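> coordinates for the following, if possible.
(one chain, ligands or ions: 1)
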Amino acid sequence: MLHHLIETRLHAAVTAHCLGASVADVRVRPCADAKFGDYQTNALMALARERKVNPRTFAAEIAARLDPDEIGARVEVAGPGFLNFHLHPAALVRTLQAAARGEHLCFTPASRPRTIVLDFSSPNIAKPMHVGHIRSTILGDALARVFRLLGHRVITDNHLGDWGTQFGKLLVGWKRHLDTAALERDAVAEMERLYKHVHEASERDPAVLEAARQELVNLQGGDPENLGIWRRMLALSQHQFDRIYQRLGVRFDHTLGESFYNPHLAGVVADLRQRGLARESEGAQVVFFEGDPELEGHPAIVQKRDGAANYTTTDLATLAHRLREWQPDEIIYVTDARQQLHFKQLFAIFRRWHSDARVQLVHVWFGSILGEDGKPFKARSGDTIKLADLLDEAETRARRIVAEKNPDLPEAEREAIARMVGLGAVKYQDLLPNRQSDYVFSWDKMLALSGNTAPYLQYAHARIRSIFRKLADTGGSWRLDETAAQLQLEVPPELRLARHLVNFGFTLEAVAEEHRPNYLCNYLYELAGYFTDFYERCPVLKAPEPTRASRLVLADLTARVLRQGLELLGLEVPDRM
Ligand code: ARG
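Prediction:
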């Protein structure tokens, strides 16, 4: 992409000018305001300061080493020592023509592909997925798609919560109070009921608590009956989760739940003790973070007094396994904000435990979903909302909109569109806000046909496709790759649209680097805006040749980028709406 080319040449210019300079931080980014140019770097000022030379002079000297024809842009020194780059229209044309000929669609695959493990969704067995798991699923899936498109090797792993003390109570419930008809109807709901029932009973009656403890001990000791029931619970939950994943179009390469790591837990604790990382404290094995200003005072237990390992121990074993098995460059965990301390502790212990490991560990955390009353999002009944019901409602509401908007479409097509719009709206609303802020769940907002929403963008795409339907109806034939050569950029709305199109790749890289799909949402929304402006000012089908062909190239590329972008966010994109 153009920003890569400029960056590479800029690096060469800096190293030639000052031998030994580190160019790692010399980056070229799109200008925040187009009136300053297309791209900008502000990194030369720091280099000038280091060398104690005048920053503007320094910037001018570097600029003099850049060949505008080679980088496809005019260079200008600005402000206290910025460089601004103004792209030549010819460079834009070349880039878009390459995309139109079927090379990568305005992005460049990573020059150094990385192996990235993505740990997301990870709901808990015998409990319904809660909204936190929804957000993790949608966010994690979008990140996986972006990394894959950029050419990285992505391994997705659903770290199911399938082991833990809750199974003591669940086993008592299953053996004493199971309602098989209810289990048939909605297995997860029935298991949730059993758990609640036994939990409440155990608060009144110590004998129930003791029974649960005993069942847990038996399960952990490998009792065949208890293991059999546990496997049943696992299969039933997995089945329900899978239906949701299928609806959402999300798939995992691996589903290695917590139980998978059971055989390794004792070894992890022994190893931590042997290296002096964990030590006994009141009967438990604990890692203290002396000398770590952030974690001092927040010790992490890795083995409880009763000898049981916990969430942290399991995550340490998981990390070691992933490292051994996949040699990742990066492991990303997608969970809600409440797990920040857990991951800080986990990463800190791991760094001491495997001090030579170079893997990058990232906790991609997110805020809560709120109801319109500003409180945590719940269904009307007061229970946490069930994901399946929520998706049903999204489709029902979208069906009404589609029926209103386009009553003449055949029933089956209307259904399909309603599904794409409804599910797309839920996903998009989740991905649009900065992930670290809370957002308010609003049916009206997410399904609005105007504003930064899924239906608006899906509609923007369909509207462009309708231009090509019209073209086909009038007998015109169309092939983007064959017409690419006719592209020319003449008037400002064309240029603005083209400039934005070529920044698709930059946007994807920013999403990947900062784990923020909202950058892509905003990019697509702006793209739709530039297209609207272009379409209002520049006739397409009615324009004389060769302008007509050129504008059709721009329109088709816009539709393709919109489609590709929305698909990266996990949305399906109908051709008409
Ligand atoms: N099951 C956990 C929960 O529901 C999330 C697991 C996240 N992944 C991990 N490796 N800890 O809160």
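
> how close does the residue of the chain most remote from its centre sit to the ligand?
Within the chain, Ala207 marks the point farthest from the mean C-alpha position, 46.5 Å out by CA atoms, centre = their mean. Here the criterion is CB to the nearest ligand atom, to the nearest Å. By it, Ala207 lies 30 Å from the ligand. Where you see a C-beta, it was placed from the backbone N, CA and C, and this is true even at glycine.

> tell me which element that residue falls in.
Using DSSP states H and E, Ala207 falls within helix 206-220.

> and that helix, what's its mean pLDDT?
Averaged across helix 206-220, pLDDT comes to 94.

> quick check, Cys106 in a strand?
No: Cys106 is assigned coil when assessed by DSSP: H, G, I helix; E, B strand; the rest coil, not a strand.

> could you list which residues are in contact with it?
Applying CB atoms under 8 Å, 6 or more residues apart in numbering, one finds that Cys106 lies in contact with 1, 95-96, 99, 501-505, 557, 561.

> residues from this structure in reach of the ligand?
Residues of the chain found near the ligand (CB under 6 Å from any ligand atom) are 119, 122-124, 159, 161, 315, 318, 333, 335.

> how far is stretch 166-176 from where the chain is centred?
With CA atoms, centre = their mean, to the nearest Å as the basis, stretch 166-176 stands 36 Å off its chain's centre.

> so for it, what's the average pLDDT?
96.

> residue contacts, the closest residue to the ligand within the stretch 451-577 of the chain?
Relative to the ligand, the nearest point of the stretch 451-577 of the chain is His515 (15.0 Å; CB to the nearest ligand atom). When contacts are counted by CB under 8 Å, 6+ apart, His515 touches 143, 332, 362, 364, 435.

> mind putting the residues of the chain next to the ligand into CSV with pLDDT?
What follows is those, written out as CSV (pLDDT from 0 to 100):
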residue, pLDDT
Asp119, 98
Ser122, 96
Pro123, 94
Asn124, 93
His159, 98
Gly161, 95
Asp315, 98
Thr318, 98
Tyr333, 98
Thr335, 97
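
> got a pLDDT number for the residue nearest to Arg193 when sequence neighbours are not counted?
Leaving aside its chain neighbours, Arg193 sits nearest to Ala182 (7.3 Å; criterion: CB to CB, 6 or more residues apart in numbering). The per-residue pLDDT reported for Ala182 equals 95.

> next one: the one 4 residues further on
As predicted, Asp186 sits at a pLDDT of 89.

> what does the longest helix along the chain rub up against?
When the chain is parsed with DSSP state H, its longest helix is helix 224-248. Residues outside helix 224-248 that contact it (CB under 8 Å, 6+ apart): 121, 123, 125-127, 129, 137-138, 141, 160, 162, 167, 170-171, 174-175, 183, 187-188, 191, 215, 218-219, 251-252, 255, 257, 387-388, 391, 423, 427, 570.

> list only those of these flagged as buried.
121, 123, 125-127, 129, 137-138, 141, 160, 162, 167, 170-171, 174, 183, 187-188, 191, 215, 218-219, 252, 255, 257, 387-388, 391, 423, 427, 570 (16 or more other CB atoms under 10 Å).

> among these, name the ones in helices.
Per DSSP H, helices hold the following members of the buried ones among the contacts of helix 224-248: 137-138, 141, 167, 170-171, 174, 183, 187-188, 191, 215, 218-219, 387-388, 391, 423, 427.

> tell me which element the closest residue to Met1 other than its chain neighbours falls in.
Nearest non-adjacent residue to Met1, counting by CB to CB, 6+ apart: Gly505, 4.3 Å away. Assigned by DSSP H and E, Gly505 belongs to helix 504-514.

> go on, Glu494?
Glu494 belongs to helix 492-501 when assigned by DSSP H and E.

> who are the packing partners of that helix?
Secondary-structure packing of helix 492-501 (3 or more CB pairs under 8 Å, 6 or more residues apart in numbering; DSSP states H and E): helix 89-100, helix 518-537, helix 547-568.

> try it again with 6 Å
Judged by 3 or more CB pairs under 6 Å, 6 or more residues apart in numbering; DSSP states H and E, helix 492-501 is in contact with helix 518-537, helix 547-568.

> in CSV, list these along with mean neighbour count and mean pLDDT.
Listed next are these as CSV, based on neighbours: other CB atoms under 10 Å; pLDDT from 0 to 100:
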stretch, mean neighbour count, mean pLDDT
helix 518-537, 18, 98
helix 547-568, 22, 98
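
> looking at those helices, which is closest to His11?
Distance to His11, taken as CB to CB, is lowest for helix 518-537 among the helices and strands packed on helix 492-501, at 24.1 Å.

> hey, C-alpha coordinates of the closest one in PDB?
Output in PDB follows, covering the C-alpha atoms of helix 518-537 (Å, rounded to 0.1, in the frame of the first residue of the first chain):
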ATOM      1  CA  ASN A 518     -14.300  -0.200  15.800                       C
ATOM      2  CA  TYR A 519     -11.700   1.500  13.500                       C
ATOM      3  CA  LEU A 520     -13.100  -0.600  10.700                       C
ATOM      4  CA  CYS A 521     -16.700   0.300  11.600                       C
ATOM      5  CA  ASN A 522     -15.800   4.000  11.400                       C
ATOM      6  CA  TYR A 523     -13.800   3.500   8.200                       C
ATOM      7  CA  LEU A 524     -16.700   1.800   6.500                       C
ATOM      8  CA  TYR A 525     -19.200   4.400   7.700                       C
ATOM      9  CA  GLU A 526     -17.000   7.200   6.300                       C
ATOM     10  CA  LEU A 527     -16.600   5.200   3.000                       C
ATOM     11  CA  ALA A 528     -20.400   5.100   2.600                       C
ATOM     12  CA  GLY A 529     -20.400   8.800   3.200                       C
ATOM     13  CA  TYR A 530     -17.800   9.500   0.600                       C
ATOM     14  CA  PHE A 531     -19.600   7.300  -1.800                       C
ATOM     15  CA  THR A 532     -22.900   9.100  -1.200                       C
ATOM     16  CA  ASP A 533     -21.200  12.400  -1.900                       C
ATOM     17  CA  PHE A 534     -19.700  11.100  -5.100                       C
ATOM     18  CA  TYR A 535     -22.900   9.600  -6.300                       C
ATOM     19  CA  GLU A 536     -24.900  12.800  -5.700                       C
ATOM     20  CA  ARG A 537     -22.400  14.900  -7.600                       C
END
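
> so how far is it from its chain's centroid?
21 Å.

> quick one on the thing from earlier: most surrounded residue in the contacts of His515?
Neighbour tally across those (other CB atoms under 10 Å): the maximum, 24 neighbours, falls on Leu143.

> check contacts around that residue.
Residues in contact with Leu143 (CB atoms under 6 Å, 6 or more residues apart in numbering) are His515.

> need the phi and psi values for it.
For Leu143, the backbone dihedrals (degrees, to the nearest 10) come out as phi -60, psi -40.

> what does the one 5 residues further on give?
Arg148 has phi and psi values of phi -60, psi -50 when expressed as degrees, to the nearest 10.

> which residue is the nearest non-sequential neighbour of it?
Val154 (5.0 Å).

> and that neighbour, what are its bridge partners?
Counting by DSSP bridges, Val154 forms beta bridges with Ile116.

> numbering from 766 from now on, please.
From this message on, residue numbering opens at 766, which makes the last subject Val919.

> my read is that it contacts Ala907, right?
No: using CB atoms under 6 Å, Val919 is not in contact with Ala907; the gap is 11.9 Å.

> more neighbours: which of these two?
Using other CB under 10 Å as the criterion, Val919 and Ala907 rank with Ala907 on top: 28 against 22.

> surely the more buried one touches Pro1282?
Yes: with contacts defined as CB under 6 Å, Ala907 counts as touching Pro1282 at a distance of 4.3 Å.

> please enumerate the shared neighbours of those two.
Contacts common to Ala907 and Pro1282, judged by CB under 6 Å, 6+ apart, are Leu1196.

> all good on my end, thank you.
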